[in-house]
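[1] Sequence first, predicted model second:
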Amino acid sequence: MTIFEAYNSTKKRLEAVGIKDYVFEAKQIIMHVTGLKAAQILTDYNNQLTQFQENNLIALIHQREVHYPLQYIFGSWDFYGRPFKVGVGVLIPRSDTETVVEQSLEILKNTESPKVLDLCAGSGCIGITIDLEISDAKVTMIEKFDEALRYATENITLNNSSATVLKGDIFEKPQFENEIFDLIVSNPPYIPQNEMKYCSHEVKFEPETALLAEDEGLEFYKAIIKNYTPCLKVGGSFCFEVGFKQAEKVSELLNQNGFKDIKIKNDLNGIGRAVSGTK
């Protein structure tokens, strides 16, 4: 089987099972199997796959046909131009979340040696990216679940980050006695249980603990604002990732708790994705 034949076959099989971005994913799979870059696939399309590569391709397609996430199949995924290890037990980094990073960087652009706290850190993609984008930042990440904590730790090493990650629960008293932060950022669980049925098949492979929230999806925002406002310096900010149609509700929560300069930043699809407010 040539690379060209493998690519066309992969596209057809992914399209047949309803994979939305089947063209993009087929190219990613061929690149993964062959180790070639996109440009090399175009120039080497008549090259034959080895038997090992062909067997690997078949196995990957079988996994994808049952909608097992491509990111889990590969074991890593790029976020903000950097690789992050992912797998069962940790939320997959998404391009939507880059909106939160962009808003955070904007908030901190004039802050010298900012202290940043990333809550519900998961893979660590937000905190690690902020740490690497701001050379003098001091970033601390909090994660409750051991599997996600392991991935965050591995991703710190993988990306040569100076961020630190601690085990903690945002519903408990913060473990910071004398530390005050310039920014507290979080992509918490925010999907209401009754909306899970509308999510893609792939999302259902991700940990529910990183997805679902009570109180119409607002449970974690309320807890973070209540428990962590004392950890923000005056003039410091919260920055949250929010779900579809949640931006106004989370903005109102910040407003009710005395926050000013409340902003909503849209993602690439025009959906309010990042909400920030200043203490």
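    That came through fine. Residues are numbered from 1 along each chain as shown.

[2] How about the secondary structure of Leu131?
    Leu isn't right for residue 131; it's Asp. Taking DSSP: H, G, I helix; E, B strand; the rest coil as the rule, one finds Asp131 in the helix state.

[3] domains for this structure, by residue range?
    Under the assignment automatic domain parsing, the domains of the chain span 3-66, 77-278.

[4] Figure out how far the longest one is from the centre of its chain.
    With CA atoms, centre = their mean, to the nearest Å as the basis, the distance from the averaged C-alpha position of domain 77-278 to the chain average is 9 Å.

[5] thinking again about what came up before, reformat the domains of the chain as a markdown table; add mean pLDDT and mean neighbour count.
    Every residue, glycine included, has its C-beta placed from N, CA and C. Shown next, in a markdown table, are the domains of the chain (pLDDT from 0 to 100; neighbours: other CB atoms under 10 Å):
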| stretch | mean pLDDT | mean neighbour count |
| --- | --- | --- |
| domain 3-66 | 94 | 15 |
| domain 77-278 | 95 | 19 |
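
[6] Skipping its backbone neighbours, what lies nearest the residue sitting nearest the centre point of the chain in space?
    When the chain is reduced to its mean C-alpha position, the nearest residue by CA atoms, centre = their mean turns out to be Pro93, at 2.8 Å. When the adjacent residues along the chain are set aside, Pro93 lies closest to Phe79, with 3.8 Å between them (CB to CB, 6 or more residues apart in numbering).

[7] Could you measure from Glu5 over to Gln40?
    Here Glu5 is placed at a distance of 16 Å from Gln40 (CB to CB, to the nearest Å).

[8] before we move on, what about Ser95?
    Counting by CB to CB, the gap from Ser95 to Gln40 is 24 Å.

[9] next one: Phe52
    According to CB to CB, Phe52 stands 18 Å off from Gln40.

[10] so who does the residue located most distally from the centre of the chain touch?
    Note on the chain: the largest C-alpha distance from the chain mean falls to Asn46, namely 36.6 Å (CA atoms, centre = their mean). If a contact means CB atoms under 8 Å, 6 or more residues apart in numbering, then Asn46 has 2-4 as its contacts.

[11] Relative to Asp118, which of the residues you listed is nearest.
    The closest of the contacts of Asn46 to Asp118 turns out to be Ile3 (CB to CB; 40.4 Å).

[12] nearest spatial neighbour of that closest one, skipping sequence neighbours?
    Tyr45 (4.9 Å).

[13] No further questions, thank you.
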